[in-house]
Every structure is written in C-alpha cells, then in structure tokens.
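Undergrad: Structure, please.
(chains A and B)
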Amino acid sequence: MIGALGFSAPWLLAALVALPVLWIILRAVPPAPVRRRFPGVALLLGLTDSDSVADRTPWWLMLLRMLAVAAMIIGLAGPVLNPRSPDAAPSRAPLLVVLDATWASAADWTAQSALLEDILDEAARDGRRAAYLRLTDVAQGVRFAPAADLKRRIGSMVPLPWTPQTGDAEAAIAALPDEDFDSIWMSDGLDRAGRAVLLAALEARGEVTVYQSAGEVLGLTPAVPNGAGVSLRALRSGDEGMREVSVAVHGFDPAGNPQILARVPMVFESGAMEAEAELSLPSELRARVTRFEIEGQRSAGAVGLSDDSLHRREIAIIGGGRAREGMELLSPRHYLDRALEPSADMIEGDLVDVLPANPDVIILADVATLAAAEAAELTAWVERGGLLLRFAGPRLASSDVSRDTEDPLMPVRLRAGGRAVGGAMSWGEPKTLAPFSDDSPFAGLDIPEDVTVSAQVLAQPDPELAARVIAALGDGTPLVTRKSLGAGQVILFHVTANADWSTLPLTGLFVEMLERLAVLSAMAAPEAEILAGTTWQPVQVLDAFGRISNAATLAGVDGADLMAAPLGRDLHPGIYEGADRRIARSVLPRDAALEAATWPATATVIGLARRPAVPLGGWLLALALLALAADVVASLAVSGRLISARPRMGKAAVILGALAVSAVMGGPHAARAQDDIAAIDASAEIVLAHVITGDRGIDATARAGLLGLSETLYFRTSVEPAPPRGVDLEADELAFYPLLYWPVTSVQSQPSDAAYARLNRYLRAGGMIVFDTRDADIARYGSASPTGRKLQQLAAPLDIPPLEPLPGDHVLTRAFYLLQDFPGRWASREVWVEAAPADAEKIEGMPFRNLNDGVSPVVIGGNDWAAAWAIDENGAPLYPVGRGFAGERQRELAHRFGVNLVMYVLTGNYKSDQVHVPALLDRLGQ
Amino acid sequence: MSDAVPQMLRARAETEAARFPPLLARAEQLAGTVLLGDHGRRRAGMGDDFWQYRPEQQGDSTRMIDWRRSARGDERFVREREWQIAQSLMLWIDQAASMQFTSADDHPEKIDRARVLALAIAVLLVRGGERVGLTGTLLPPRRGKNQIWRLAEFFSQVDAEDFGVPESRAMIPNARAVFISDFMGDVSGVKTALTKAADRGVRGVLLQVLDPAEEAFPYRGRTIFESIGGTVAHETLKAGDLRGRYLERLAARKSELADLCALTGWQFRTHHTSDSAQAALLWLYRALDRGAV
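TA: Below you'll find the predicted structure:
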C-alpha cells in the first residue's frame, strides 16, 4: 500500500524490472523503410550504400511502447485507490447504532444510510450483533439482532420531523441494555440538551464513534407578515463564511395549480448565524402562498409553512350614517376601525360597490334596512361563504327588520324596542357577561370584570334561539347570535360597535372575540390560552425530508398544545384546521436558533464522507490499449505508410482510420455518407422517382415506365433526366425529386407519421405526386375499387387541396403538347387535379381561364401510365397498349401526357400566361 | 439506361472543361506580362496591313490596281500590303507520370508549371499571329484562339508511362520547337529528337522543369525511392549518403543536355517550380527571338 493506493497483486510489479531489457531489444529493430515517390530515381539506379547500419527506432516511439507495457503490468497488478484498510483487531462486541434521526439528519440522510450500510456490512462480516436507537423515537427500545437483519431495516429508520425532547436522553439511557457494547452515533450536527449525558452513558459501555456531517444545517423559521410584506429568517448552525441560499415561495397559481410564486435570495454574511430577507408580495399573491422552502435542502427544517396569518383579510364596514364631524369616538365605526386596521385591508364604499370586490367580511354597523337588490346580492354573497357581521344600534332597534318573520340576513327575530338596563331611567345594574359555554367559539376567553352592557336589542324567544346564541349576558339574554346561511354565516352583536350601549368595544375581549370569529387573521400567532379547549385537525403534515403528505388519519390536537407543545409523535409539523381557520406549525419556532453540536475531546468524530475504493486496473489497461493503438499509428507514420499515394500501401492506414472513425461515429455515419452520395446524384440531374410499394412487379413496372418516360423526355425535349429511382417513403429524402409517381396497390402498408410529415413537406415545397390506381379498365375514379379505397386511406393524412376533374383549359393540356386525352395503358378521361380557384373567369376572347396560380400538388388517375411508358433495356415497350395502330397512337399520347406532366412540374404554369396566348391561338388555328 | 453513359461522359467532360479556364486564365495572365513587339517584315508581301502604293508595273493584273488612289491622278497605282509571314511553333510537353510530382504544397506540380508555360507561350505567339501546334501529327500548327482551346484540351491529358520521350515525328521543316520536360528519363530519346530536328532545320528550346527537392535531395534514412508510375524502385538504407552522388549525376545530365543543344543549335535552360513562372516565360520568349524568327 502506497499512500492511498493499494495493489491486489503487488508481486506482478516485479515484471517492471523487465522493461529495460525490452528497451534494449526493441531499439535494435530498425524501422520499416520509408517509401518515397521520387522522379529522380532514374538517376539513383546503381548507387550502393556505403555501409548498412540500421537506423534506430525513434526514442519517443520506444517511450510510448514502454509506457504501454508498464501500464499493462501495473494495471494487471490491480491498483486500488483508497483501499479498505483491514481492521487491526475487529471488535466482537455488539454494536449500537444511535441515530439522532431528526429533521436535521434528513439533509444528508443518503450519505448517512450509505455509511450505515457499510458499517453494518462490516459488522455482519465480523458476526457482530447490532441494534438501532433512534433518539426521536426512544420508545422503540433497544434490541440487539444480527447486523445483517438490521441492514434490511435501514429503510424504516428514516429521520422524523422533530427533535428529541429534554426527557428523551434519560429515557434512552434507561432503554440501554446492561451488556457492554460499542456505539456509533450518527449525529445531525445540532446541539441539544441531554447529549452529553447520553454520551457519557454510552462511553461507559464501550467505544463510541460519532459520525457527523461536516456541513452546516440550514433552517427556515415561519414567515412573519410585516405590513405589506413578509419577513423571512433563515438560520444556520455553522459558519462557512458568506453563503447565499435561495428561498422558493410555493403556492397556487390562479388556476389552482401548485407553482413557485417567487424566489428570494438570502445571504448569510460571513460570521452571521442567520439571514433575513423581506419579501414584498401583493395581498392576492400572499393569500395563495402555501410554504417557503430553502431550495436544495431536503429537510423539514428548511420549510416554513404558511397559514392564514399571511392572508390579510379584506373587510368592508358599512356604517349606518356617518357620525357628526369631529365626534369620532361616538362613531359606530371608530372601534371597529381601530381593531381591524392593523391586520386587515379595509374596503371603503357603498354596499353595492364593495360586493363585487368580494371581501372576506362585511360588517354592518347599525344598518337596519337594505334595499331589496342589496339584500339579494348580500344574501348571495353570504351563501357563497361570506361572513356578515352585524352590530345593533338605535336604528336597528327602532326598525321593523326581522320583527315578525326572521330576516335572512339576521340570525334571530328581534323584539321591538330593545331594552336599557342600569341607566338613569331604569331599574337594575348594567348587566355583565355570562361565562362562555364550551360549544361557543369564544370558549376559554377570559371575561374582564369591567365589561358591562347597558342597552341591547332583544331576541324573540324561538325554538332555534338557544342553538344560535354564542354569547349571553349574565341573565341569559343573548348578546351574540349566529346562524349559518349557505356556506357563510351571519353574526349579530346585540350591542353597538361603539361604547354607547356597552363597554365591550373598549376592552381587549372585543378584539379577541373578533379574532375568534375569524374576522381578524391573527398577525401574531394566537396565544395558546386563546386556543385552549379547541380541537384542530391536521390537514397536511411534513415528514423529515420536507415532503408534504395528507394527514387524514392523524388525530386532532388541542389548540393549546398546537401552539405551545413541542413537536413529537403526537404533534407533527404541518397545517392544522380549526373551525374557520388554519394554523401552520413549522418545525422551527419563530425565535429558533441553531447551534452546532459540540463534542468532548474524548469522542471520536468522523465526517460522513468515506472515500470509496476505486479500482484503477481497468483504466490502466485501457491506457495500455490506447498507447498500443497510438503505437500502431505512430509506427505507420514513422515508416511512412500512414499517408501514402499508392493505394496498396495506404490500405492499412485507411482501414485503421475507418475503424477509428466507425468506432467514434458508429454505423450511422457511413450510412449518412451513402445518403449524401445518393442525394448528390439525385440533385445533380433531374431524376424522376416512384414510390416503392413493396410489390416487386409493380415497382419494376413503375421503374421501367419512368425509364421510358425519361427516354422520351431525353429525345424530345431539353429535359434530360438521369435514370429514375425508387423512393422508400420511410427512409429517403424526397426533396430532390420534382415528381413522385405513386402506383397504388391494395396491399400497400400505410406510411408512418414521420413519412407523412415528409410527404406533406414535399407537397408544400412544390413537389408533385402522381397517384395511379391502375384500374381504369375496370373502375372509375372513386372508392369503387380496392385500390381506390386504398388511395383514400393513403391520401387522407396528406395535405391535399380540393380536387376537380382535369378541366379542358388546364395547363396540363398544353404544357408541351396540346392534349385533351390523357391515356395510359387504359384510356379513361378521369384525371383529377387541384380545383381551380372559384373566381377563375374566362375572359372574353381568350381560350383559357386565367388560372395563374400554383402547380397542382397531386394528379390522380387510374390509367396505369407507367405500363404504357415502360420499356425494357433495349427500348422496346414492355406492355401492350390497345390494338394495332390505334394502340400505338394511345401509347404515343401516353408519352405525350408524361412529357406534359414533367414540363408542368418543371415549368409551372407559365403556359397559362396570357403572353403565350397569341402563339397558342395561332397553333390552335383560331 | 442507355443514355446514362453519354450523360455521365458529358458531366465528366464539363468537369474537365471547367479546369481549362483557370489554366487558360493563368496562361493568359502570364502571357500578359510580356509586351508584344510588332514583327512585320518591313517589306511588301502577303499580309493584311497596308504597306505602300506603287505605280503599276508591267505584269500587274488589272485587279491589283487600286482605283480609288488611281482616280486622283493620271497614273495608276497598285496597293501593296506588308509581307507578313507566320512562323510555326511546335510544342511538346512531357505529360508522363514523373512530371506529376511536387515535394511541397507551396509550389505546383512540374506538369502544371510546364502546361502553364507552354500555354502562355502559345497564347503570346498566337497573339503575334504565329501558328502554334503540337509536335507529331495530333495537332498541326494553326492560328487563332480556338487553337489555344485545343492545346489546352491536349494538355489536360496525362500519360501513363513513367518518363516521357519527345515526340519527333512529322516535324515541319524550319519551324521552331519548344520541348518542356524534366528530362529525367533516358536521354537517348531526347538525342534522337534533337538530331531529327536539326536535320530538318528546326531550332528550338529545351526547358527542363525540376522540383526543388530534385535539386536538393533532402532525404535521409532507410528509404525506397519509387518512380511516380511505380515501375522503377531503388532501396537504400541511408538516403543521406546518396545525396552527393545523386547531385553529380544530375549535373552530368544537365551538362549532357546542354552539350546536345549546343551541337544542334538549340537552347537549354533549367527552371525550378519554386521560382516564378514569369522569368521562365520571358526567357522562353526571348529564346524564341521575341516571337519573331
């Protein structure tokens, strides 16, 4: 073993001694002669060498060969980087694996579990027993089992999203077995109480090795709403100098899909343990935020859940008539404004104006009557989930609203007039509040002594009244009543919103009650006491890795616990839902701080990174092969054979090069080169092409037909095509061929989508396909024949314009020859081409319509033209056409049609130009 | 396909033909560097240019009288033209394989230089009104621009054999000749050709075109030297040792050629492909008496 390098077969290295011998042997061999072309050789003939000492192999070539041999020898000796050092004295004692298994462990859990696997493997090899102890789950106890069994259970030893509590260390010590054992402690890197005690207890039983990641632990505290923005605070346990992290703001987009709404960079200054950032989000966006997450950290501590506290509620207060100027304290709105303003967005305006803004809460302070339209809209709004909060007052008391029948927008019917108690003109003391009952939303709130009510509106006794009362006075008269209406609710305070009728608005209880009614979203987390006695159901919980899962199966928790109790098996971090609001419980509290774990000097602390053993033999052998390959090339170069004018000599180099090229480029390269050659050939001359249908007979006919047409073109026109080609629609490029002859067979396979894409591109770029159903002798154009039906299938995906039978004034009738019939082997007149534009008009005195646009992308017929054109090698026609002279005439016309077709494709419709009309007229004899 | 063959042939021919213009252009450009001197005979004779009027003499036919001049006076005049005689120049360039050699990329193959020089001198002489052709019977001397094209066409061919022998058949008596080659092959062929030429009163120029490597012999180590065609080979273990003796033989070859020229009244010069073609052309032009004979 040399440093971090070890050999599995070190004795092989002795072969290195042979290298110098090899050097001496190799250097004596002269290089092959260089072959040189030299015209002056005639003058050299007969000259002899003065001596015959061999030239020596160049030193660098020798070095290359030595390197190859040395690499091979060393490679075979089996070098290994970072070999596992054999343990000096393997311990036989049982092994206790102590896992912190907190959220902080989750960040590098992969490394931890891999390391753990290694350790358990080793323990299993040594035949040791082992046990797990998860400090976040002490209740499991400690039971030693064979290490191999334990290894299988690594998957269940995942971190949990909380931290050990104060008592857990003692519980763990109590759970330790009596025998002696060695311990391995997988630390999460955070300091906490009880660690030293446990360490001492473990050290008392045997050797303790601590594994702890060198990196710092990152955490994110819950976001705190801050005016219009949100403050974020990130923590770290170590000090790795300046570090920038990015916090992703997750939420829903307006369509309800999860999305990252924003990203906030946070910078830890060098030496700082925490970083802060302000995030300014519009109120709308803030309401949709679900969580904040430090990107790239797989840990629950890096996730800050967001609840309703970020959501600033929008509240509209409709006051019944403004108070007189300057008398604000008497205004029915004053106390509401003061209570709500810090935490909610107020919407000003008339009822009709604010409803479209869809506020969360509408407060009617002593508003008695509403217009019918207003009432209808308001009712609809409440039924959609709005919260309507009404306060009584003189107007309500004197009105007839909800007197005889219950108004939909009032929770109860009211008695006329109301009552005043404890006033100058009445008997009795002002009334105080009765304690809130347990099923009231206000349950658990402390009632200050000085809350008195001196006047109120009274509810009519009703069977439903008792169920609707949520707060009452000492004498049992309802003070606050509530009823549900659709998805929303209507709440009535039977007193005024100002201090006229009671002192309630002057006390803190008023704000707390509003809070309980979810009129306010709590800016600060609600106090545990406020929530005491309420039950909160977990909706979503976090696991240690920061993943969110549904928590339908978990039991609800008490409100006080939710706010104050430490997280644990009974209280997962997550989002909890109460009656009408959600509260998030993140892993880290708002005032959290992270501290790195400190270990006493006696403990052995090891980083998680264990460098894996890397066998180097393969690489060295590959290097040797490479060097040998280079040696081949270099030897050829030295002997002058690498670049040689004579093919015989160059062959080796060419083969070698080809091997190298094919090794690098792979097969497709050669195929591409062939494609290129074919493409160059096809584009150097005009080449007619036919589609390969797979039916050999028809393909041969098509080829022979195009050959015949090419011959005809060659002899009669200035178009001199090269031999025609078959085109494989799946593989070949079509762009080189002006015309594609497609004989349709009934058994042809449908081309692939890619082939259709190419065909459509070909058609759009000005190509033309001649479909030939070859059945004009038995069927007319249409779906009557099998090939006709096949043609419909084949052509369906093609981008083909509307068609019409070839009109008499089509350019095809005069592109080269003047034709009116287009026979092939059969003489049907049915040939279809792109329909002329509807507005093509025949101009008076002109023989043709002005069809000056484009070349028809398809010509469809069934005359089996290829058979009429087809010739054999000797130029003799292959198929009979018609009978006798008339048949030969028909073949001639078929050829003429072919010529016209090619001319039409090549020249477009210039024959349609009116410029040619006089000449054509002349020839037509008109 | 029966018509495929002519098509391919035509395509090939066009590719080949595309090479002419650059060759011709280079030749023309080279020729343009030499100022043509008028070489009229300065006496009356056959020709196009007016020379003088002279009084009619006995024996002049009536058709020879220039009536426009004669009508001005009582005497009759005959219009004489300057006697212009065209000299024939026969070219031979060695198109054998040995000429297709260049030792480095920065100078052309020997055959390329030979063709350019031959075409350039042909262009010059045709401009001067001379007739230029090839030795032998393939392309007899003619005048006119088309002849340049024909020459260029012939110069695009390549011989297969290793070393060329000057074509000495059907020499036109008293004509001029230019032989361009590397004269690396058997010298007896040259000797025969020059003797024949001298017999017929043909004088001319031998221009030896050599690659710099052939002059310097910069080779070392174990080497098999092969002729370009591959028919002759010579193996040596130390090429460096041969240098001195090779250079001696080369000098001997040159002096042999020079002696031969001195004997037959020809002129001899060695041109290297690394040198400027213009110098060689100027020398050629001057050696041919500035185009005049």
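Undergrad: Quick check: closest non-adjacent residue to A:Ala77.
TA: Here the nearest residue to A:Ala77 in space, its sequence neighbours aside, is A:Leu12; by Cβ to Cβ, 6 or more residues apart in numbering or on different chains that works out to 4.0 Å. (Glycine included, C-beta is placed from N, CA and C.)
Undergrad: same deal with A:Phe252?
TA: Nearest non-adjacent residue to A:Phe252, counting by Cβ to Cβ, 6+ apart: A:Arg288, 4.8 Å away.
Undergrad: So the residue lying closest to A:Gly908 once chain neighbours are set aside, which state does it fall into?
TA: Leaving aside its sequence neighbours, A:Gly908 sits nearest to A:Val855 (Cβ to Cβ, 6+ apart; 5.4 Å). Look at A:Val855: counting by DSSP: H, G, I helix; E, B strand; the rest coil, its state is coil.
Undergrad: Quick check: the gap between A:Val855 and chain B.
TA: Look at A:Val855 and chain B: by Cβ to the nearest Cβ, to the nearest Å, they are 26 Å apart.
Undergrad: do A:Ala472 as well
TA: 109 Å.
Undergrad: Assumed that residue was part of a strand.
TA: Yes: if the criterion is three-state DSSP, then A:Ala472 is within a strand.
Undergrad: and it, how many neighbours does it have?
TA: Look at A:Ala472: counted by other Cβ atoms under 10 Å in any protein chain shown, it has 21 neighbours.
Undergrad: re the thing from before, which residues are in contact with the residue nearest to A:Phe252?
TA: A:251-254, A:261 (Cβ atoms under 8 Å, 6 or more residues apart in numbering or on different chains).
Undergrad: please redo it, this time with the cut-off set to 10 Å
TA: Contacts here follow Cβ atoms under 10 Å, 6 or more residues apart in numbering or on different chains; on that basis A:Arg288 touches A:249-254, A:256, A:259, A:261, A:281, A:306, A:310-311.
Undergrad: so what's it scoring on pLDDT?
TA: pLDDT recorded at A:Arg288 is 79.
Undergrad: Could you pull up the residues touching A:His572?
TA: Contacts of A:His572 (Cβ under 10 Å, 6+ apart): A:160-162, A:300, A:538, A:540-543, A:549, A:551, A:554, A:557, A:585, A:587.
Undergrad: Top of those residues by number of neighbours, please.
TA: A:Ala300 (33 neighbours).
Undergrad: Go through the contacts of A:Arg288 and name the one nearest chain B.
TA: Nearest to chain B among these: A:Gln259, at 63.1 Å, using Cβ to the nearest Cβ.
Undergrad: what sits opposite that closest one in the beta ladder?
TA: Using DSSP bridges, the bridge partners assigned to A:Gln259 are A:Gly251.
Undergrad: Farthest from the middle of chain B: give me that residue.
TA: For chain B, the residue at maximal distance from the C-alpha centroid (Cα atoms, centre = their mean) is B:Asp74, at 52.8 Å.
Undergrad: what's that residue sitting at in phi/psi?
TA: Dihedral pair for B:Asp74: phi -90, psi -20, per degrees, to the nearest 10.
Undergrad: and the gap between it and B:Glu56?
TA: Look at B:Asp74 and B:Glu56: by Cβ to Cβ, to the nearest Å, they are 12 Å apart.
Undergrad: can you check B:Ala197 too?
TA: Distance, B:Ala197 to B:Glu56, by Cβ to Cβ: 45 Å.
Undergrad: neighbour count winner among the two?
TA: B:Ala197 (25 against 17).
Undergrad: Which residues does the helix or strand that contains the more buried one contact?
TA: In the assignment (DSSP states H and E), B:Ala197 maps to helix B:187-199. Helix B:187-199 has contacts (Cβ under 10 Å, 6+ apart) with A:42, B:90, B:92, B:135, B:163-169, B:171, B:173, B:175-177, B:179, B:181, B:183, B:202-204, B:206, B:252-253, B:256-257, B:260-261, B:263-266.
Undergrad: average pLDDT for that helix?
TA: Per-residue scores along helix B:187-199 average to 89.
Undergrad: again with stretch A:760-775
TA: Taken as a whole, stretch A:760-775 has a mean pLDDT of 86.
Undergrad: Quickly list what the residue lying closest to A:Ile447 once chain neighbours are set aside is bridged to.
TA: Leaving aside its sequence neighbours, A:Ile447 sits nearest to A:Leu433 (Cβ to Cβ, 6+ apart; 5.0 Å). A:Leu433 has these beta-bridge partners by DSSP bridges: A:Leu473.
Undergrad: how close does A:Leu433 get to A:Asp450?
TA: For A:Leu433, the distance to A:Asp450 equals 11 Å [Cβ to Cβ].
Undergrad: How about B:Ile180?
TA: 130 Å.
Undergrad: Looking at these two, which one has more neighbours?
TA: Neighbours were counted for B:Ile180 and for A:Asp450 using other Cβ under 10 Å; B:Ile180 has more, 27 against 11.
Undergrad: What are the structural domain limits within chain B?
TA: With domains defined by automatic domain parsing, chain B comprises B:50-81, B:86-291.
Undergrad: Give me the distance between the two termini of the shortest one.
TA: Yep, that's domain B:50-81 we're talking about. Distance between the two ends of domain B:50-81: 5 Å, counting by Cα to Cα, to the nearest Å.
Undergrad: Please, where are all the strands along the stretch 1-150 of chain B?
TA: For the stretch 1-150 of chain B, strands defined by DSSP state E, counting those that start in this stretch occupy the ranges B:50-55, B:77-81, B:88-93, B:131-134.
Undergrad: Would you mind putting the ones you listed into CSV with mean neighbour count, mean pLDDT and distance to chain A alongside?
TA: Below are the strands of the stretch 1-150 of chain B laid out as CSV (neighbours: other Cβ atoms under 10 Å in any protein chain shown; pLDDT from 0 to 100; distance: least, Cβ to the nearest Cβ, whole Å):
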stretch, mean neighbour count, mean pLDDT, distance to chain A
strand B:50-55, 13, 82, 49
strand B:77-81, 18, 83, 48
strand B:88-93, 25, 88, 15
strand B:131-134, 23, 87, 23
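Undergrad: May I see the ones you listed organised as JSON lines, with distance to A:Pro807 added?
TA: What follows is those, written out as JSON lines (distance: least, Cβ to Cβ, whole Å):
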{"stretch": "strand B:50-55", "distance to A:Pro807": "71"}
{"stretch": "strand B:77-81", "distance to A:Pro807": "72"}
{"stretch": "strand B:88-93", "distance to A:Pro807": "66"}
{"stretch": "strand B:131-134", "distance to A:Pro807": "64"}
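Undergrad: Tell me which of those lies nearest to A:Leu803.
TA: Nearest to A:Leu803, of all those, is strand B:131-134, at 65.0 Å by Cβ to Cβ.
Undergrad: pLDDT wise, what is the residue most central in space within chain A at?
TA: For chain A, A:Gln259 is the residue whose C-alpha lies nearest the centre (Cα atoms, centre = their mean; 10.5 Å). Looking at A:Gln259, its pLDDT reads 84.
Undergrad: Show the contacting residues for it.
TA: Contacts of A:Gln259 by Cβ under 10 Å, 6+ apart are A:249-253, A:288, A:290.
Undergrad: Ok, A:Arg758 next?
TA: The contact partners of A:Arg758, by Cβ under 10 Å, 6+ apart, come to A:729-735, A:751-752.
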